[in-house]
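Participant: what would the 3D arrangement of this be:
(chains A, B, C and D)
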2 protein chains.
Amino acid sequence: MKKGGFMKDNKPIFKPYRKKSAHNYVFEVLKEFIISGAYKPGDRLPTEIELSKTMGISRAATREGLRELEGIGLITTVQGSKGGRFVKNINSDIIVNGLDILLKTHKTSFDELIEARKAIECITAKMAATNRSQENLTAMSKVLDLRVKSKEEFYSKTFELHELVALASQNKVLFYIVQAIRRLIFQTYSEISLEENNIELVMKTHNAIFKSIKNRDPKGAEKAMLSDIEAYRKLYLDVLKKRFSDE
Amino acid sequence: MKKGGFMKDNKPIFKPYRKKSAHNYVFEVLKEFIISGAYKPGDRLPTEIELSKTMGISRAATREGLRELEGIGLITTVQGSKGGRFVKNINSDIIVNGLDILLKTHKTSFDELIEARKAIECITAKMAATNRSQENLTAMSKVLDLRVKSKEEFYSKTFELHELVALASQNKVLFYIVQAIRRLIFQTYSEISLEENNIELVMKTHNAIFKSIKNRDPKGAEKAMLSDIEAYRKLYLDVLKKRFSDE
DNA sequence: GTTTAGTTAGTGTCAGACAATTATACATTA
DNA sequence: TAATGTATAATTGTCTGACACTAACTAAAC
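Facilitator: Coordinates of the predicted model:
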């Protein structure tokens, strides 16, 4: 009984015999190697031909397994000499695609996304206020203390602050979720361009967030985060409206 | 300037001519058809041979594209007569895999997952208390009012309540995230078996959640949700401890 | 030096044959 | 009649071997 439960109700259990398909074997084995860390991000996998030879599987089937790995986002393919299959960095990108499809097919609105951000990021802000380390603070202040050169730079830094806050919550799950949602929004609604006065507004709310987290003030951090995201929402809608009236 | 920005700095922009690889073409085209709803969940795609003929692409390359689609979780493959490629239902499963890999590779602990659940589900409970509809309530009460026949049934229903709460928050993003995290936990730490007295405990806390949501009491709902999840956490650790001392 | 033309090591594509799997219909048999 | 076996068709799975494409590197030509 103890090991595996071969019997049930005094009757033997017959597990179905399942010979895995070749391509699936390639997929599973390599996936396991990558997840376990035997192949690390940046590593190059053996070539198709090597793989197929050592596994005793045709090149065609091997390629199918590799494509599946590519689909779930674990590897990329590079053509040419010095090319091959490379293990990708595993970060929140691995969810972004799926989330994108999920929300697109279920017609999720911008407002709903913003509302979700408010909900989650207010918590991370609150948690960050209690859990933040000294390194977290220095990283944040480094991002805030910017002499903005270009709008692109401003955006990337703006982005980073929110992610640093999530990081400071010391909860990886929340961190990755926050990151994924933000990246999704960025890639879907990226065409917003801020005017100068808006930059100042954003910097003000960001400073408020930072200050509260520094002072270990959860309530304040939550409040500041809320008004920052709300400001972003209004800003986006304004841009849309303006663009609409222009045409 | 207005339409698409063909010029920049008074110089014409030459977009690189990119002949997509054949397998990638198959992937992109079908993905688009599925996301746009041209092929709906349950639909069968044309057979490999049909696809390759109509697209003018070899069967091997077509198969690679299909494998990629399988990787991201949009289709499944069924062998045999009446088999083929079928469009999957698009639900939170499409993120679960990626989330699983992400957290595994970054060595996320059970406690961290539970903490994230507390954070997010407390909000959904709070939101549900204000946003719930009448249908939400009846669905919940249907799940709560159970004459449990088997443990499996108990588990599936227990699961459903939390998801129904998230649904009642009326925010799809949060709903899918809650669902994904719970499914992930279930598939990774599923071996917990409850004893009879624990079932009663769970039913008590669940009833408390329901009551607060029904009475439109956000604070109460939040509190009840928190203690329910905390109870689950303790329970799991107890089971682990017991199992450890048994051996 | 700069351009140009091979060389090399990978992935990308193709065609065609055959194997495996499953549903269905039909035949056989106890 | 009910269970079992058989044939067929439709679809995916696998294999082989050849050739094309791509990109980094190298050597020759100018």
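Participant: quick one: contacts for the nearest residue to residue A:188 once chain neighbours are set aside?
Facilitator: Nearest residue to residue A:188 in three dimensions, chain neighbours excluded: residue A:100, at 7.3 Å (C-beta to C-beta, 6 or more residues apart in numbering or on different chains). C-betas here are computed from N, CA, C, even on glycine. Counting by C-beta atoms under 8 Å, 6 or more residues apart in numbering or on different chains, residue A:100 makes contact with A:184, A:187-188.
Participant: for DNA strand C, see how far away residue A:100 is.
Facilitator: From residue A:100 across to DNA strand C, the span is 23 Å (C-beta to the nearest atom of the strand, to the nearest Å).
Participant: quick one: which helix or strand includes that residue?
Facilitator: helix A:93-105 (DSSP states H and E).
Participant: need the contact list for residue A:125.
Facilitator: Residue A:125 neighbours (C-beta under 8 Å, 6+ apart): A:165, A:169, A:209, A:212-213, A:218, A:221-222, A:224-225.
Participant: can you redo those as CSV with pLDDT, neighbour count and secondary structure?
Facilitator: Rendered in CSV, the data for the contacts of residue A:125 read as follows (pLDDT from 0 to 100; neighbours: other C-beta atoms under 10 Å in any protein chain shown; DSSP: H, G, I helix; E, B strand; the rest coil):
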residue, pLDDT, neighbour count, secondary structure
A:165, 97, 27, helix
A:169, 97, 28, coil
A:209, 96, 27, helix
A:212, 97, 22, helix
A:213, 97, 29, helix
A:218, 97, 19, helix
A:221, 97, 29, helix
A:222, 97, 21, helix
A:224, 96, 24, helix
A:225, 97, 28, helix
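Participant: which one of those residues sits closest to chain B?
Facilitator: Chain B has its nearest neighbour among the contacts of residue A:125 in residue A:169, at 8.5 Å by C-beta to the nearest C-beta.
Participant: phi, psi for that closest one please.
Facilitator: phi -70, psi -20 (degrees, to the nearest 10).
Participant: circling back: now, of the contacts of residue A:100, which are buried?
Facilitator: Neighbour-count burial (16 or more other C-beta atoms under 10 Å in any protein chain shown) applied to the contacts of residue A:100 gives residue A:184.
Participant: excluding its backbone neighbours, what's nearest the residue of chain A found nearest chain B?
Facilitator: Using C-beta to the nearest C-beta, residue A:71 is the residue of chain A that sits closest to chain B, at 2.0 Å. Among residues not flanking residue A:71 along the chain, residue B:71 sits closest, at 2.0 Å (C-beta to C-beta, 6+ apart).
Participant: which residues touch the residue nearest to the spatial centre of chain A?
Facilitator: With distances taken as C-alpha atoms, centre = their mean, residue A:92 lies nearest the centre of chain A, 2.1 Å away. Each residue near residue A:92 by C-beta under 8 Å, 6+ apart is listed here: A:176-177, A:179-180, A:183, B:102.
Participant: cool, and residue A:86?
Facilitator: Per C-beta under 8 Å, 6+ apart, neighbours of residue A:86: A:42-45, A:75-78.
Participant: re earlier: compute the inter-axis angle for the helix holding residue A:100 and helix B:93-105.
Facilitator: Interaxial angle of helix A:93-105 relative to helix B:93-105 (axes from the mean of the first three to the mean of the last three C-alpha atoms, to 10 degrees): 160 degrees.
Participant: chain center to helix A:93-105, what's the gap?
Facilitator: Centroid separation between helix A:93-105 and its chain, computed with C-alpha atoms, centre = their mean, to the nearest Å, is 10 Å.
Participant: would you mark the buried spots in that helix?
Facilitator: For helix A:93-105, by 16+ other C-beta under 10 Å, it's A:93-103, A:105.
Participant: how about stretch A:66-84?
Facilitator: Using 16+ other C-beta under 10 Å as the test for burial, stretch A:66-84 gives A:66-75, A:77, A:84.
Participant: stretch A:239-247 too?
Facilitator: residue A:239.
Participant: among the contacts of residue A:92, which are located in helices?
Facilitator: A:176-177, A:179-180, A:183, B:102 (DSSP state H).
Participant: how does chain A divide into domains?
Facilitator: Per automatic domain parsing, the structural domains of chain A span A:18-87, A:93-246.
Participant: dump the ones you listed to a markdown table, plus distance to residue B:57.
Facilitator: Output for those, formatted as a markdown table (distance: least, C-beta to C-beta, whole Å):
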| stretch | distance to residue B:57 |
| --- | --- |
| domain A:18-87 | 14 |
| domain A:93-246 | 23 |
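Participant: worst average pLDDT in those?
Facilitator: Ranked by mean pLDDT, the domains of chain A bottom out at domain A:93-246, which scores a mean of 88.
Participant: and the closest residue to DNA strand D within chain A, how far is that from residue A:86?
Facilitator: Nearest to DNA strand D in chain A, going by C-beta to the nearest atom of the strand, is residue A:80, at a distance of 2.1 Å. Using C-beta to C-beta, to the nearest Å, we find residue A:80 at a distance of 13 Å from residue A:86.
Participant: swap in residue A:78?
Facilitator: 6 Å.
Participant: then residue A:200?
Facilitator: Counting by C-beta to C-beta - residue A:200 and residue A:86 are separated by 43 Å.
Participant: next to DNA strand C, which bits of chain A? Give me the list.
Facilitator: Contact residues (C-beta under 7 Å from any atom of the strand) of chain A with DNA strand C: A:19, A:45, A:47-49, A:59-60, A:63, A:77-81, A:83-85.
Participant: restrict those residues to contacts with chain B.
Facilitator: Contacts with chain B within those, as defined by C-beta under 8 Å from any C-beta of the partner chain: A:60, A:63.
Participant: what about the residues of chain A next to DNA strand C, which are in helices?
Facilitator: Per DSSP H, the residues of chain A next to DNA strand C map to helices at A:48-49, A:59-60, A:63.
Participant: run through the helices of chain A in chain order.
Facilitator: With helices called from DSSP H, chain A shows them at A:22-36, A:48-55, A:59-72, A:93-105, A:110-131, A:134-144, A:151-168, A:172-188, A:196-214, A:218-246.
Participant: CA atoms only for the fifth one - export them in PDB, please.
Facilitator: Spelled out, that is helix A:110-131. Provided in PDB are the C-alpha atoms of helix A:110-131 (Å, rounded to 0.1, in the frame of the first residue of the first chain):
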ATOM      1  CA  PHE A 110      -7.400  49.100 -20.300                       C
ATOM      2  CA  ASP A 111      -9.300  50.200 -17.200                       C
ATOM      3  CA  GLU A 112      -9.400  46.600 -15.900                       C
ATOM      4  CA  LEU A 113      -5.700  46.300 -16.300                       C
ATOM      5  CA  ILE A 114      -5.100  49.600 -14.500                       C
ATOM      6  CA  GLU A 115      -7.500  48.500 -11.700                       C
ATOM      7  CA  ALA A 116      -5.500  45.300 -11.300                       C
ATOM      8  CA  ARG A 117      -2.300  47.200 -11.200                       C
ATOM      9  CA  LYS A 118      -3.800  49.400  -8.500                       C
ATOM     10  CA  ALA A 119      -4.800  46.400  -6.500                       C
ATOM     11  CA  ILE A 120      -1.500  44.600  -6.700                       C
ATOM     12  CA  GLU A 121       1.000  47.400  -6.700                       C
ATOM     13  CA  CYS A 122      -0.600  49.100  -3.700                       C
ATOM     14  CA  ILE A 123       0.100  45.900  -1.800                       C
ATOM     15  CA  THR A 124       3.600  45.700  -3.000                       C
ATOM     16  CA  ALA A 125       4.100  49.300  -1.900                       C
ATOM     17  CA  LYS A 126       2.700  48.600   1.500                       C
ATOM     18  CA  MET A 127       4.800  45.500   1.900                       C
ATOM     19  CA  ALA A 128       7.900  47.300   0.600                       C
ATOM     20  CA  ALA A 129       7.400  49.900   3.300                       C
ATOM     21  CA  THR A 130       7.900  47.300   6.000                       C
ATOM     22  CA  ASN A 131      10.300  44.900   4.200                       C
END
